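Peer 1: just to be clear, the model below is a prediction. Sequence and coordinates:
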Amino acid sequence: METQVAAGKASALRRPFSRRLGRKAADKLWWWICQLVLIALLIFIAFPFYWTVVTTLKTPGEQFAKVPAFLPHPATLDNYKWVFQHKDFMRSLRNSLILAPLGAIGAVIITTSFGYSLARYRYPGKQAIITFLVATQMLPGVLTIVPLFVVFSKLKLVNTYIGLLLGYWTFSVPFSGLMLRGFFTNFPVELEEAALIDGCSRLGAFLRITLPLTIPGIVTVALFAFIGVWNDLLFALVLTRDLDAMTATVFLNNMITQQYSSTNWGGMIAIGSVLTLPTVIFFVFLQRAIITGMTAGAIKG
Amino acid sequence: MGEREMAVGYALLLPGLLGLAIFVVYPVISGVSLAFQSQYLLEPEKNRWVGFQNFVRFLTQEPKLGLYIGNTVRWVLGSVVGRVTLGMILALLLNRDMPFRGVYRALALIPWVMPGVVSAIIWQWIYNANWGIFNHILKVLGLIRENITWLADRKFIWPAILLVSIWHGYPFSYAFILAGLQVIPHDLYEAALIDGASRWASFRYITLPMLRPVLFVLLLLQTVWNANEFTAIWMLTKGGPADYTMTLAPLVYQTSFIFYRVGYGASIAVLLSAVVMTFAVIYIRTVRSEV
């Protein structure tokens, strides 16, 4: 059918070069060209990471050298010492370290029940809710940020953990709710029904049968919620005032924008590398979950 | 399913819906209504309804209107085309057989793990006019003689910020396209090979048509996300020099929170949302017709 037509069209174009060289040799040459391009691109992609690490291990004298060195000599941990002795930064880091896991836990609870309801129960208005969730993901954050500030002020939530958390939990619903709906829809309902017949309650069947088998989806939700909180700038920038609730990204942003200690590039970039560390760790161990989340969220509607 | 079942279904939605009502629906409505008011964040006693005045002022009296719109189009086009192209190239390269493919595939995703704020600061350091490695490398390669102030010089600032946007944002396109490539049946390529088709012909007549739905969704999503992008531009340039890189999303933030002109800022946000939502409608229609 269509695919056959495509293959037919492809066959119409012959390739004289490969015939002259011999198909195998041409294939090999092509493979190596591709490999070279790939490696060049990957060097470009990895370079900022390399440069982050190298810069943080340099002494100020070396950071500001006329000719930048590709390896620190002598290597120093002073930049990291500065970071971990920076009381204000450590307070903001503590806020992030508390908010991100709580954000992930709350998101899992809310979006699991949300996604499960969309997948398993029948009621009027479901399609409207799904459309609404998709549309919500596309609204610009700057549209709601002023009114959010007003809502937060009225509810006395500005600069509080609970305020930030309520926001982060809610913002995880459109993306993760839809993703989990997909996971639960694909899960065979017969398994749950068998458990019901065996005398399990609906909740028992969910907790004992469905949940353990949909763990990959739930890990993805937790991961994306954690990283969402950890990386967020706009929301926390507007809704925190001081170190009682300010997150580490906001702290770094303020440091950059106020040019406060602007000369300490080594220190600021060391803060940056500390902030990148948790996501790197997740990435190494949970790569599959990350790819699932990246690709699943956009397809399910 | 009985009424009881329906009630349970709704009850499970309740926490999420409640949150969405308070933190999304109400702010959207109130954001739209703000656009019809003259409001200043610090002087609530001056608030009053002004009808379409904010919109009219922005669309007819804003001297930099053309610049802002042009910048937004530039940012969106540059980012989308760059991200999707780089994502496509890497996905194609990594869809071949090779030793250590898993390692390479992981490596291709890593910019995604860097928080936007951190990406902004490390690129500022790379681009630094005095000690930056970028100038140094270009000088060693003989491409430039004098250091360039990448994030202030009007000739270079746009390519510079777009490079950051592409570097930080392409992994989604890459993962998305790679997933799309992996479901194209192998025998199509084998048939083409037997028929003597060139690589280009295979790509043009098999890969591209098979990827079409994936690419369509990807382009829509990337357009919407880039139009909404605040962090990257705000952190790299603050929209400067003199609004030369100011797009609509950071403009809303600046108008509202730096200049405290909340009503006026909201009207710009509503205009941006209206444009973005037309793309969203196309997206929703597409996705629904596929499910």
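Peer 2: Perfect, thanks for sending it.

Peer 1: quick one: list the elements packing against the helix or strand encompassing B:Ile166.
Peer 2: Per DSSP states H and E: B:Ile166 is located in helix B:157-182. Contact here means 3 or more C-beta pairs under 8 Å, 6 or more residues apart in numbering or on different chains; DSSP states H and E; on that basis helix B:157-182 packs against helix A:23-56, helix A:287-299, helix B:65-93, helix B:116-127, helix B:208-228, helix B:231-236. The C-beta positions use only the backbone N, C-alpha and C, and glycine is treated the same way.

Peer 1: reformat those as TSV; add mean pLDDT, distance to A:Gly272 and mean neighbour count.
Peer 2: Output for the helices and strands packed on helix B:157-182, formatted as TSV (pLDDT from 0 to 100; distance: least, C-beta to C-beta, whole Å; neighbours: other C-beta atoms under 10 Å in any protein chain shown):
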stretch	mean pLDDT	distance to A:Gly272	mean neighbour count
helix A:23-56	92	6	15
helix A:287-299	69	20	19
helix B:65-93	96	22	19
helix B:116-127	93	4	24
helix B:208-228	90	23	19
helix B:231-236	90	11	24
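
Peer 1: which one of these lies closest to B:Val28?
Peer 2: helix B:208-228 (13.8 Å; C-beta to C-beta).

Peer 1: still on that earlier bit, would you turn the helices and strands packed on helix B:157-182 into a markdown table with distance to A:Asn253?
Peer 2: A markdown table is the format used below for those (distance: least, C-beta to C-beta, whole Å):
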| stretch | distance to A:Asn253 |
| --- | --- |
| helix A:23-56 | 17 |
| helix A:287-299 | 24 |
| helix B:65-93 | 20 |
| helix B:116-127 | 5 |
| helix B:208-228 | 18 |
| helix B:231-236 | 7 |
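
Peer 1: what about A:Leu148, neighbour count?
Peer 2: A count of nearby residues for A:Leu148, using other C-beta atoms under 10 Å in any protein chain shown, gives 27.

Peer 1: show me where pLDDT drops low in chain B?
Peer 2: When residues are selected by pLDDT under 70, those of chain B lie in B:1, B:289-291.

Peer 1: what are the boundaries of the helices in the stretch 201-301 of chain A?
Peer 2: Under the criterion DSSP state H, counting those that start in this stretch, the stretch 201-301 of chain A contains helices at A:202-205, A:211-213, A:215-231, A:234-239, A:248-257, A:265-285, A:287-299.

Peer 1: buried residues, the shortest one. List them.
Peer 2: Neighbour counts using 16 or more other C-beta atoms under 10 Å in any protein chain shown place A:Leu211 of helix A:211-213 among the buried residues.

Peer 1: B:Ser165: which of the helices and strands packed on helix B:157-182 is closest?
Peer 2: Closest of the helices and strands packed on helix B:157-182 to B:Ser165 is helix B:65-93, at 4.4 Å (criterion: C-beta to C-beta).

Peer 1: which element follows the closest one toward the C-terminus?
Peer 2: That would be, after helix B:65-93 and using DSSP H and E, helix B:101-107.

Peer 1: which residues sit against that following helix?
Peer 2: A:38, A:42, A:45-46, A:283, A:287, B:94, B:98, B:178 (C-beta atoms under 8 Å, 6 or more residues apart in numbering or on different chains).

Peer 1: for that helix, C-alpha coordinates in PDB please.
Peer 2: Only the C-alpha atoms of helix B:101-107 are listed here, as PDB (Å, rounded to 0.1, in the frame of the first residue of the first chain):
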ATOM      1  CA  ARG B 101      25.500   2.700  21.400                       C
ATOM      2  CA  GLY B 102      23.900   2.900  24.800                       C
ATOM      3  CA  VAL B 103      26.600   5.200  26.100                       C
ATOM      4  CA  TYR B 104      26.300   7.500  23.100                       C
ATOM      5  CA  ARG B 105      22.500   7.600  23.300                       C
ATOM      6  CA  ALA B 106      22.700   8.600  26.900                       C
ATOM      7  CA  LEU B 107      25.300  11.200  26.200                       C
END
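
Peer 1: tell me the domain boundaries of the chain?
Peer 2: In the absence of a named chain, chain A is used. A:17-76, A:81-299 (automatic domain parsing).

Peer 1: oops, I was thinking of chain B
Peer 2: B:1-31, B:61-290.

Peer 1: on that earlier part again, help me see whether the helix or strand following the helix holding B:Ile166 makes contact with chain A, please.
Peer 2: For helix B:157-182, the following helix or strand on the C-terminal side (DSSP H and E) is helix B:186-194. Yes - on the criterion C-beta under 8 Å from any C-beta of the partner chain, helix B:186-194 is in touch with chain A at B:188, B:191-192.

Peer 1: give me whichever of the domains of chain B is most buried.
Peer 2: Between these, domain B:61-290 has the highest mean count of neighbours, a mean of 19, where neighbours are mean count of other C-beta atoms under 10 Å in any protein chain shown.

Peer 1: out of the domains of chain B, nearest to A:Gly228?
Peer 2: Across these, closest to A:Gly228 is domain B:61-290 (C-beta to C-beta), at 10.7 Å.

Peer 1: can you add distance to chain B and give the domains of chain A back as a markdown table?
Peer 2: Listed next are these as a markdown table, based on distance: least, C-beta to the nearest C-beta, whole Å:
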| stretch | distance to chain B |
| --- | --- |
| domain A:17-76 | 4 |
| domain A:81-299 | 3 |
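
Peer 1: let me have the ones you listed in CSV, adding distance to B:Asn135 as columns.
Peer 2: Below are these laid out as CSV (distance: least, C-beta to C-beta, whole Å):
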stretch, distance to B:Asn135
domain A:17-76, 9
domain A:81-299, 15
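
Peer 1: hey, which of these is tucked in deepest?
Peer 2: Ranked by mean neighbour count, with mean count of other C-beta under 10 Å as the criterion, these are topped by domain A:81-299 at a mean of 19.

Peer 1: next, A:Gly199: secondary structure please.
Peer 2: What DSSP: H, G, I helix; E, B strand; the rest coil gives for A:Gly199 is coil.

Peer 1: phi, psi of it?
Peer 2: phi 100, psi 10 (degrees, to the nearest 10).

Peer 1: what's the pLDDT at it?
Peer 2: Looking at A:Gly199, its pLDDT is 82.

Peer 1: so how far is A:Trp32 from the residue nearest to the spatial centre of chain B?
Peer 2: Residue closest to the average C-alpha location in chain B (C-alpha atoms, centre = their mean): B:Asn226, at 2.0 Å. Separation of B:Asn226 from A:Trp32 (C-beta to C-beta, to the nearest Å) stands at 35 Å.

Peer 1: quick one on the thing from earlier: got a markdown table for the residues of helix B:186-194 next to chain A, with distance to B:Ser33 too?
Peer 2: What follows is the residues of helix B:186-194 next to chain A, written out as a markdown table (distance: C-beta to C-beta, whole Å):
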| residue | distance to B:Ser33 |
| --- | --- |
| B:Leu188 | 54 |
| B:Ala191 | 60 |
| B:Ala192 | 58 |
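
Peer 1: relative to A:Ile291, which of these is nearest.
Peer 2: For those, the closest approach to A:Ile291 (C-beta to C-beta) belongs to B:Leu188, at 24.1 Å.

Peer 1: any figure for the gap between the closest residue to the closest one other than its chain neighbours and B:Tyr189?
Peer 2: Spatial nearest neighbour of B:Leu188, excluding adjacent residues (C-beta to C-beta, 6 or more residues apart in numbering or on different chains): B:Ile206 at 5.1 Å. Distance of B:Ile206 to B:Tyr189, given as C-beta to C-beta: 6 Å.

Peer 1: just B:Phe216 next, same as before
Peer 2: For B:Phe216, the distance to B:Tyr189 - C-beta to C-beta - is 22 Å.
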